[in-house]
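1. need a 3D model of the following:
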Amino acid sequence: MKTMKTLSRRIAALLLVVTVGITALAPAASAANIQLPSLPKDQCVVDDAGVLSDSTTSELETLNAQLSSSCDGAQIGVLTVDYTGSATTEDYATEAFNTWGIGSSSKNNGVLILLVMQSDQYADGDYYLTYGDGFRSTLLADLEIVSRTNHGFPVNYINYGMDATVSWRSPDFKFRNNTNYPIKIEASVSGGYVNVQILGTDEKDYYIEMSYVISETYKPETEYKDFKPDNPEGYKNGDVIEEGTTGYLVKTYKSKYDKATGVLISKDFVANSRYKTVNKVVARVEEPTEPTTVPTAPSTAPSTEPATTPTAPSTTPPTTPSTSEPSTTEASENGGDSGGE
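-> All right, here's what the predicted structure looks like:
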């Protein structure tokens, strides 16, 4: 019940914004990555998430019938889905808007309200409001562009090559009223957006559609930033510090079509837009330093040999004693004592 009340409040608020607000068309992601439900051309409400009551659906259909009959085929499409997959809410809404073909293609007067029941960013779901190309007022009104500078990087609220940056004392966006009647510029701020409308007298027998071509793509390179193993940021080797951003050179064109027949009258080049490239930055952490000396293993052998080597016992037998008789020395005849008679 709470979700239904929240949903009802969102629809009421968004329908109010439609009557007073203005915004720009966001660039869509690759259609191959976005899975849309069936969007019949003869229906203005597709409740794929099954959250709208029969009375709400009936009220929206009645409102659209009145709007279409009184405002040259203007139409409000309401789409509810459970989840947008890998696509952002903005990209999903833009792809649904372009696929569904809401409103009159020649009048650019269609509006899509997308309600997402499950969102990674918002616990109570998400919603997005997408307008047709007619709100890119200056280009589509065929007013004369005096000066214009694109942003440094692609923005997420308008197609490539359709943006203009304004900064105090720096780039400015200037245009000139080249019509036969005065024009009125109305501006307001709501929900974090500056909403601008250009009002005037339409004398043209043609209408304008804008297109762009990405003529060049500049892929980011990979840069490495060195860190110590104990770096205070806690980076590990291979951590991505900054994701890279692809740069582009975009060419913008303005096509004029006959209002009565829809035949292309002319297609003119409008401007080049160069969007910057930002390289990817990856942490490169030094390997820890190994110790400079290696401990010596203890030796198991004696450090020095004995100073002297013991003499081995002799195996030669001792000398054999002599067996000859000692010699007898005879006394001289005259030696020794002489006896007297």
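
2. who's in contact with the residue nearest to residue 44 when sequence neighbours are not counted?
-> Counting by Cβ to Cβ, 6 or more residues apart in numbering, residue 44 lies nearest to residue 64, which is 4.4 Å off, once chain neighbours are set aside. (Glycine included, C-beta is placed from N, CA and C.) With contact taken as Cβ atoms under 8 Å, 6 or more residues apart in numbering, residue 64 is in contact with 44, 75, 76.

3. now do residue 151
-> When the contact criterion is Cβ under 8 Å, 6+ apart, the partners of residue 151 are 163, 165, 275.

4. change it to 10 Å
-> Going by Cβ atoms under 10 Å, 6 or more residues apart in numbering, residue 151 touches 158, 163, 164, 165, 171, 273, 275, 276.

5. with residue 65 instead?
-> Shown in contact with residue 65 (Cβ under 10 Å, 6+ apart): 44, 75.

6. how close does it get to residue 72?
-> Using Cβ to Cβ, to the nearest Å, we find residue 65 at a distance of 14 Å from residue 72.

7. check the residue lying closest to residue 176 once chain neighbours are set aside and give its pLDDT.
-> Nearest non-adjacent residue to residue 176, counting by Cβ to Cβ, 6+ apart: residue 144, 4.3 Å away. Per-residue pLDDT puts residue 144 at 88.

8. just give me the neighbour total for residue 144.
-> By other Cβ atoms under 10 Å, the residues close to residue 144 number 11.

9. next: residue 252.
-> Burial measure for residue 252: 22 neighbouring residues, criterion other Cβ under 10 Å.

10. now residue 187
-> Neighbour count of residue 187, defined by other Cβ under 10 Å: 10.

11. please identify the helix or strand for it.
-> Here residue 187 sits within strand 184-190, counting by DSSP states H and E.

12. that strand - contacts with which helices or strands?
-> Under the contact criterion of 3 or more Cβ pairs under 10 Å, 6 or more residues apart in numbering; DSSP states H and E, strand 184-190 touches helix 2-20, strand 193-199.

13. pull out the buried positions in whatever helix or strand comes next after the shortest one.
-> On the C-terminal side of strand 193-199, the nearest following helix or strand under DSSP H and E is strand 206-218. Of the residues in strand 206-218, those buried under the neighbour-count criterion (16 or more other Cβ atoms under 10 Å) are 206, 207, 208, 209, 210, 212.

14. columns distance to residue 60 and pLDDT on top of these, output as JSON lines?
-> Formatted as JSON lines, those follow (distance: Cβ to Cβ, whole Å; pLDDT from 0 to 100):
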{"residue": "206", "distance to residue 60": "33", "pLDDT": "93"}
{"residue": "207", "distance to residue 60": "27", "pLDDT": "90"}
{"residue": "208", "distance to residue 60": "30", "pLDDT": "89"}
{"residue": "209", "distance to residue 60": "28", "pLDDT": "88"}
{"residue": "210", "distance to residue 60": "29", "pLDDT": "87"}
{"residue": "212", "distance to residue 60": "33", "pLDDT": "93"}
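
15. farthest pair within those residues?
-> With Cβ to Cβ as the measure, no two of those lie farther apart than 206 and 212, at 20.1 Å.

16. gap between residue 72 and residue 113?
-> Computed as Cβ to Cβ, the residue 72 to residue 113 distance reads 20 Å.

17. so between the two, which is more surrounded?
-> Higher neighbour count among residue 72 and residue 113: residue 113, with 23 against 12, using other Cβ under 10 Å.
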